[in-house]
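Visitor: got a sequence here, can you build the structure:
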Amino acid sequence: MASLKPLADRVVIKPSVAEEKTKGGIIVPDTAKEKPVWGEVISVGPGRVSDDGKTIPMQVKAGDKVLYGKYSGTEITIEGEEYLIMRESDIFALMSSK
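Guide: The predicted structure follows:
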């Protein structure tokens, strides 16, 4: 990926791949696939600046697996790869690696 550094409290996320099959083995066509709601954080901004001028550090870091809102963020394509840019507040949870 090209060097992409988000500003303030924004993060760049690589969405997970949508499921190709249902649990019952039915192949899902591209038009019926649901948008993924989880992905991997690629890069993070420095953090939000509070009213008193202090930077509030980010709670997520590059490499974290996160759960976010279905329609959160702005979709971008860089070098043929799709990414989302969203605010840290649009992220609902960190996913454990268990």
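
Visitor: so where does Val41 fall, helix or strand?
Guide: Using DSSP states H and E, Val41 sits within strand 38-44.

Visitor: centre of the chain versus that strand, how much separation?
Guide: 5 Å (C-alpha atoms, centre = their mean, to the nearest Å).

Visitor: average pLDDT across it?
Guide: Average pLDDT, strand 38-44: 95.

Visitor: likewise for stretch 7-14?
Guide: Stretch 7-14 shows a mean pLDDT of 95.

Visitor: what's next to it, contact-wise?
Guide: Residues from elsewhere that reach stretch 7-14 (C-beta atoms under 8 Å, 6 or more residues apart in numbering): 4, 6, 39-49, 56, 58, 60, 66, 68, 73, 81-89, 91. Quick note: C-beta positions are derived from backbone N, CA and C, even for glycine.

Visitor: ChimeraX command for the buried members of these?
Guide: This is the ChimeraX syntax for the buried subset of those, where burial follows 16 or more other C-beta atoms under 10 Å:
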select :6,39,41,42,43,44,45,48,58,66,68,73,83,84,85,86,88,91
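
Visitor: run through the bridge partners of the most centrally placed residue in the chain.
Guide: In the chain, the centroid-proximal residue (C-alpha atoms, centre = their mean) is Ile13; its distance is 3.1 Å. As for beta bridges, Ile13 partners with Val41, Leu84 under DSSP bridges.

Visitor: point out where this structure drops to low pLDDT.
Guide: Low-confidence segments of the chain (pLDDT under 70): 1-2, 18-36, 97-98.

Visitor: so where do the strands sit in it?
Guide: Using DSSP state E, the strands found in the chain span residues 10-15, 38-44, 48-49, 55-56, 65-68, 74-78, 81-87, 91-94.
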